[in-house]
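Asks: Prediction below, plus the sequence it came from.
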Amino acid sequence: MSWSQDLLSRNRQGQLACAREVQRLGVTLEMRPEQKAIAGFCTLCVQPPNQRQFAPIQGN
């Protein structure tokens with residue numbers, strides 16, 4: 001299995017590259033409808049992009 005090990009590296013401030021990538025991409029982790037995280041976590045994709053399932057885009 002190949003994956004981006006460099007995403008687990010840390011910068012001088014100790015922040016993981018994967019956590020910076022979450023912020024760069026604007027990823028939101030929804031635990032409950034009233035609780036959404038925008039930082040402090042990393043994501044791990046286990047399927048290639050063409051096999052991932054996405055939620056429908058909702059209007060603002």
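Replies: Now that the structure is in, tell me what you want to look at.

Asks: Going by C-alpha atoms from here, please, whenever you check contacts or count neighbours.
Replies: OK.

Asks: all helices of this protein, in order?
Replies: 17-25 (DSSP state H).

Asks: separation between residue 27 and residue 11?
Replies: 20 Å (Cα to Cα, to the nearest Å).

Asks: For the spatially most central residue of the chain, list the residues it contacts.
Replies: The chain has residue 43 as the residue nearest its centroid, 3.7 Å off, counting by Cα atoms, centre = their mean. By Cα atoms under 8 Å, 6 or more residues apart in numbering, residue 43 lies in contact with 18, 22.

Asks: Under the pLDDT cut-off, which ranges of the chain? List them.
Replies: Within the chain, the set of residues satisfying pLDDT under 70 comprises 1-4, 60.

Asks: which residues of it fall in strands?
Replies: With strands called from DSSP state E, the chain shows them at 29-32, 35-37.

Asks: TSV for those strands, including distance to residue 53?
Replies: Shown next, in TSV, are those (distance: least, Cα to Cα, whole Å):
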stretch	distance to residue 53
strand 29-32	15
strand 35-37	20
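
Asks: Output these as JSON lines; include the columns mean neighbour count.
Replies: Below are those laid out as JSON lines (neighbours: other Cα atoms under 10 Å):
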{"stretch": "strand 29-32", "mean neighbour count": "11"}
{"stretch": "strand 35-37", "mean neighbour count": "10"}
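
Asks: Compare the ones you listed and give me the one nearest residue 57.
Replies: Taking Cα to Cα, strand 29-32 is the member of the strands of the chain nearest to residue 57, at 14.5 Å.

Asks: Listing partners with orientation, what would you give for the closest one?
Replies: strand 35-37 (antiparallel) (DSSP bridges).
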